[in-house]
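> just to be clear, the model below is a prediction. Sequence and coordinates:
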Amino acid sequence: MTASSLKYLIKEGLRNTWTNRIMSFASICVLLSCLVLIGSASMMFLNIESLIDRVEDENVIMVFVKDGTDDAAIDSMGKQLEGMSNVAEVEFVPKEKAWADQLKTMEDAQAKFFTEISTDIPLPDAYKVTVENLDRFGDTVKEIKKLDNIDTIRQNTDLAKKLDTISRGITIIAIVIIAVLFAISLFIISNTIKLTVYSRRLEISIMKSVGATNSFVRLPFVVEGMLIGVLSGVLSLGVVWGVYDLAINQFNDLFVTMRIAPLQFANYALPMLGAFVGIGVISGVGGSLITMRRYLNKEGSEISAI
């Protein structure tokens, strides 16, 4: 195919998109609806994942040191904790700071009572250990218990397991929903393009009868599908952005009460635009190719029978 023929076919594809603007508009609306659902579901799952990550950060192991342990032994314990493979962060919490924080949570009368009856601090020194992988939470606890000079360990293995299960479940659900919506969009787009092809069956029959190749007939429809995909992707991003901002504003009081900071859509706009355009182009071009392959397999007068 020469460069002039390719340029002609691309112009034909653009022209046909405008000529058949009603069908093109229907295709864009269908694909836009599917992409908006995919985008909305994606942002919802991203926010849930972010919330789970924040809870995971609070799911730490508190390692309390035996009273009377000297500073050298306490420092050695900290280095051993930092050297463990599944430990992301280790923070030393001196008993003076822990006791001061505890007093702040009490009523004034209670705090005064405890400070007046004794100058001794009833809390031990401790290490706050943040794990890196919740799958290995239990193994990390067992490894910590082998250290010397440990009084007690406070941890929540059940919470760690539940968070890990929830995270895996959300990932699976997100993949399934996106896959189903993509399949639906591909099916609807191919059927919409099939109607477009049917409305132009006479034109295609004439082109085939004068010796046009399948590629020559197919390319304008591929260009149409690509254009529909790009337009749908760009428009979908705008709609999802607007819906997301509206939802955030509507539930702002709830987020403040629960101390939850929703994700900023702007941080995900470019990746989502790329994903939307990619899905739109694949759906549009894929739908065109599927329909045209079936269509062009028929000959002459059989074409009009579809």
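Thanks, I have the structure now. Numbers count the residues shown, from 1 in each chain.
> next, give phi and psi for V210.
The phi and psi values for V210, taken as degrees, to the nearest 10, are phi -100, psi 10.
> for T105, same thing?
Its backbone dihedrals place T105 at phi -80, psi -10, with angles given as degrees, to the nearest 10.
> please apply the same query to D67.
Backbone dihedrals for D67, given as degrees, to the nearest 10, come out at phi -60, psi 140.
> with adjacent residues omitted, what lies nearest to it?
Distances taken as C-beta to C-beta, 6 or more residues apart in numbering place P124 nearest to D67, at 5.8 Å, with adjacent residues excluded. To be clear about C-beta, it is placed using only N, CA and C from the backbone, and glycine gets the same treatment.
> do the same with K66
D151 (4.6 Å).
> can you point out the buried residues in the host helix or strand of that neighbour?
Assigning secondary structure by DSSP states H and E places D151 in strand 150-154. If you call a residue buried by 16 or more other C-beta atoms under 10 Å, then strand 150-154 has these buried ones: 150, 153.
> please apply the same query to stretch 86-106.
Of the residues in stretch 86-106, those buried under the neighbour-count criterion (16+ other C-beta under 10 Å) are 87, 90, 92-93, 95, 98-99.
> please state the offset of that stretch from the chain centre?
Between the mean C-alpha point of stretch 86-106 and the mean C-alpha point of its chain there is a distance of 34 Å (C-alpha atoms, centre = their mean, to the nearest Å).
> same question for it, mean pLDDT?
Model confidence over stretch 86-106, given as mean pLDDT, is 81.
> from the buried residues of stretch 86-106, which is closest to G39?
For the buried residues of stretch 86-106, the minimum distance to G39 (C-beta to C-beta) is 37.1 Å, reached by V87.
> any idea how far M106 is from A100?
When distances are taken as C-beta to C-beta, to the nearest Å, A100 and M106 turn out to be 11 Å apart.
> same question, V234
Counting by C-beta to C-beta - V234 and M106 are separated by 57 Å.
> one more: A266?
When C-beta to C-beta is applied, the distance between A266 and M106 equals 43 Å.
> next: Q250.
For Q250, the distance to M106 under the criterion C-beta to C-beta works out to 38 Å.
> all helices of this structure, in order?
3-19, 21-58, 71-82, 95-104, 108-117, 137-145, 157-199, 201-209, 214-250, 252-258, 266-296 (DSSP state H).
> pipe those into CSV and attach distance to V129 per row.
CSV is the format used below for the helices of the chain (distance: least, C-beta to C-beta, whole Å):
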stretch, distance to V129
helix 3-19, 60
helix 21-58, 12
helix 71-82, 6
helix 95-104, 15
helix 108-117, 28
helix 137-145, 7
helix 157-199, 13
helix 201-209, 69
helix 214-250, 35
helix 252-258, 27
helix 266-296, 30
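> nearest to V65, of the ones you listed?
V65 sits nearest to helix 71-82 of all the helices of the chain, at 5.8 Å, using C-beta to C-beta.
> hmm, back to that, closest one to G286 out of the buried residues of stretch 86-106, please.
The shortest separation between G286 and any of the buried residues of stretch 86-106 is 47.3 Å, and it belongs to V87 (by C-beta to C-beta).
> residues touching the closest one, list them.
For V87, the set of contacting residues under the criterion of C-beta atoms under 8 Å, 6 or more residues apart in numbering consists of 81, 129-132, 140.
> could you rerun that using 10 Å?
Applying C-beta atoms under 10 Å, 6 or more residues apart in numbering, one finds that V87 lies in contact with 61, 80-81, 127, 129-132, 140, 143-144.
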